[in-house]
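Chemist: what would the 3D arrangement of this be:
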Amino acid sequence: MVETHIVYPTNKYNRPAVPDAIKLHDLDLFSAPIQIVNHRFFHPSDRSISEIVEKLISSLAEALELYPPVAGVVHTLDNGDICIITKPEDDQGTPLLVDIKDTSYTTDSEDLSPRVGLILSPDASTFAAKITQFSCGTICVASSIHHQVTDLRGFLDFLEVWAQIARGEPIDLSKIPNDWSRNPGQYFSGLLNESTVPPVPMPFDLLDEPATEPPAFLMQPSKITDWSISKDSMERMKKAFSPTDSKDLWISSGDALATLLCGAVTRARESANVPRLEGRSPLNLDTEKLAMAADGRDRAPKGDMSGKYYGNFNNLPGVNVSRSDLLSLTNESASRVAVAIRRALNDQLTPLAIAKRIAFYESPEVNTPPGRIVFTADVILTNWCRFDLQGPKLDFGWGKAFLATSGGGSIYPPGYSIMTQNKETGETSIMLTIEEAALEALKADELMNKYATLVPKL
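Modeler: Next up, the predicted model:
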């Protein structure tokens, strides 16, 4: 039987007052009200499960006080503004579920999450957690956060503070934001001279009328595949995909990995004759569009945004890549794709480019009426490899996690990937989706199987 505890913020730290309603920025709203999920698995503790639950509840209450948006609820006001409501009298509490199982741990699964599915219901709590103890003693701490409230960086900032309090360590309040307003442009001020609206950035489009539903291809059912790449294999792949011309650009391991995944998806779709529905690149173009999540906080010119801005600051760079190169299996073609990705990231993540992107989002001409900014891509990549999801900062007090995942979810759009990395072993785990018709072609892809190992479903 699952127990549900409702957790409310403490009143311990005497923090500055927070507005009753925090209006969300368009960077928060270009995606649907989906959740970000993190599952972490821990070896058995010498503490009783009741002690563990009590400590996690009390420390969560303190963390919620320090991060008021996480204790709030996303709500649409009568005037149409979408805000985080933080008024104490409207606080519905944060659910923390506890499940004691009579079966041993075997693998990650979606039912370990505090809430299932990708889309959150209106007025759902911003945060939810679930503690599961298996009969073997293994403990799973699963967390879910409303993506319109923050991105992965903000999610981890909150989880790290929760874990720090649970360990009994003092909190440096100077590292907690004081200003919860959504004003990212303040960190990139003075970079733009012109008052004209910047052009539409990749991979976005500006519609004449607000979108009424997502592009058709994003709504198609998909199949999930899981892969792993060893540290040695990643190094071999990066070397094989690196340009041989010394005048050309250096590429990162992430560029090489993006090249591998995008090529595999493109080849599998081509082999299975997957229809090009709305949102995909049309056949009469000779390119495929790639979109890549990228946190822009570290790009602020004064270096004063990280740890201070709470919200979504995923700049989502995009690039059109040669379809023929993606369909090819040669290293030369892969190198051209990797270099195109690296150039796009270099160009679109400069402080000036980010300032233009913010100005585009904040322009009244763009936002009147709201809902006209949409993004489309053939492949969407989310690379979490820079974050140590099993590290000491996320230890609740009985040791580091032996496994961390993106949640074992079962509903994702086709052509979507989440990548994580074990920092101790260097092994990279990949969740990659594909249309059902192209599943077998993806599993059999020559380059994927050369560098990655398909993880069988249990």
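
Chemist: which residue ranges of the stretch 51-200 of the chain form strands?
Modeler: Ranges of strands in the stretch 51-200 of the chain, per DSSP state E, counting those that start in this stretch, are 73-76, 82-85, 94-100, 127-133, 139-146.

Chemist: what does the domain assignment say about this protein?
Modeler: 2-182, 200-385+410-454 (automatic domain parsing).

Chemist: quick revisit: can I get the strands of the stretch 51-200 of the chain in a markdown table with mean neighbour count?
Modeler: Every C-beta, even on glycine, is put in place using the N, C-alpha and C of the backbone. Converted to a markdown table, the strands of the stretch 51-200 of the chain look like this (neighbours: other CB atoms under 10 Å):
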| stretch | mean neighbour count |
| --- | --- |
| strand 73-76 | 17 |
| strand 82-85 | 21 |
| strand 94-100 | 19 |
| strand 127-133 | 24 |
| strand 139-146 | 24 |
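
Chemist: my read is Asn320 is in a strand, agree?
Modeler: Yes: under DSSP: H, G, I helix; E, B strand; the rest coil, Asn320 sits within a strand.

Chemist: residue contacts, the closest residue to it other than its chain neighbours?
Modeler: Distances taken as CB to CB, 6 or more residues apart in numbering put Thr287 closest to Asn320, at 4.0 Å, once the chain neighbours are dropped. Contacts for Thr287 (CB atoms under 8 Å, 6 or more residues apart in numbering) come out as Ser281, Asn320, Val321, Ser322, Arg323.

Chemist: pull out the buried residues from those residues.
Modeler: Ser281, Asn320, Val321, Arg323 (16 or more other CB atoms under 10 Å).

Chemist: next, format those as TSV and append pLDDT and distance to Gly391.
Modeler: Conversion of the buried ones among the contacts of Thr287 to TSV gives the following (pLDDT from 0 to 100; distance: CB to CB, whole Å):
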residue	pLDDT	distance to Gly391
Ser281	95	38
Asn320	97	36
Val321	98	33
Arg323	98	39
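
Chemist: out of those residues, which comes closest to Lys238?
Modeler: Lys238 has its nearest neighbour among the buried ones among the contacts of Thr287 in Val321, at 17.7 Å by CB to CB.

Chemist: contacting residues around the closest one?
Modeler: Cys262, Thr287, Glu288, Lys289, Leu290, Val337, Ala340, Ile341.

Chemist: who does it bridge with?
Modeler: Legend: beta-bridge partners of Val321 under DSSP bridges are Glu288.

Chemist: any idea how far it is from Leu345?
Modeler: Computed as CB to CB, to the nearest Å, the Val321 to Leu345 distance reads 13 Å.

Chemist: Glu436 too?
Modeler: 31 Å.

Chemist: higher neighbour count, these two?
Modeler: Leu345 (20 against 13; other CB atoms under 10 Å).

Chemist: that one is in what secondary structure piece?
Modeler: Following DSSP states H and E, the helix or strand that holds Leu345 is helix 331-348.

Chemist: after that helix, next one along is what?
Modeler: Using DSSP H and E, the next helix or strand after helix 331-348 towards the C-terminus is helix 351-362.

Chemist: now for that next one, which elements pack on it?
Modeler: helix 26-29 (3 or more CB pairs under 8 Å, 6 or more residues apart in numbering; DSSP states H and E).

Chemist: hey, C-alpha coordinates of the helix it packs on in PDB?
Modeler: The C-alpha coordinates for helix 26-29 follow below in PDB (Å, rounded to 0.1, in the frame of the first residue of the first chain):
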ATOM      1  CA  ASP A  26       8.200  32.700 -22.800                       C
ATOM      2  CA  LEU A  27      11.400  30.600 -22.400                       C
ATOM      3  CA  ASP A  28       9.400  28.700 -19.800                       C
ATOM      4  CA  LEU A  29       6.400  28.300 -22.000                       C
END
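
Chemist: what does that helix contact?
Modeler: By CB under 8 Å, 6+ apart, helix 26-29 touches 82, 148-149, 182, 184, 311-314, 358, 361-362, 367, 370, 373.

Chemist: from start to finish, how long is stretch 217-232 in a straight line?
Modeler: In stretch 217-232, first residue to last residue: 35 Å (CA to CA, to the nearest Å).

Chemist: which two of the contacts of Thr287 have the greatest separation?
Modeler: Ser281 and Ser322 (11.5 Å).

Chemist: coming back round to it: which of the contacts of helix 26-29 has the weakest pLDDT?
Modeler: Minimum pLDDT across these is recorded for Pro370, with 80.

Chemist: can I assume that residue is in contact with Gly80?
Modeler: Yes: between Pro370 and Gly80 there is a contact at 7.4 Å, judged by CB atoms under 8 Å.

Chemist: please say which of the two ends up with more neighbours.
Modeler: Pro370 (13 against 9).

Chemist: how many residues are close by the closest residue to the more buried one other than its chain neighbours?
Modeler: Nearest non-adjacent residue to Pro370, counting by CB to CB, 6+ apart: Pro210, 6.7 Å away. Close neighbours of Pro210, defined as other CB under 10 Å, add up to 11.

Chemist: ditto for the one 10 residues further on
Modeler: The local packing count at Gln220 equals 18, with neighbours defined by other CB under 10 Å.

Chemist: residue contacts, the most centrally placed residue in the chain?
Modeler: Computing the C-alpha centroid of the chain and ranking residues by CA atoms, centre = their mean puts Leu152 first, at 5.0 Å. Residues near Leu152 by CB under 8 Å, 6+ apart: Ile36, Ala293, Asp295, Thr382, Trp384, Phe387.

Chemist: measure the nearest residue in space to Lys238 that is not next to it in sequence to Ser50 for me?
Modeler: Closest residue in space to Lys238, ignoring its immediate chain neighbours: Ala256 at 4.4 Å, by CB to CB, 6+ apart. Distance, Ala256 to Ser50, using CB to CB: 48 Å.

Chemist: now do Arg297
Modeler: From Arg297 to Ser50 the distance is 39 Å (CB to CB).

Chemist: same deal with His147?
Modeler: 33 Å.

Chemist: tell me which of those two has more neighbours.
Modeler: Neighbour count, other CB under 10 Å: between His147 and Ser50, His147 has more, with 23 against 9.
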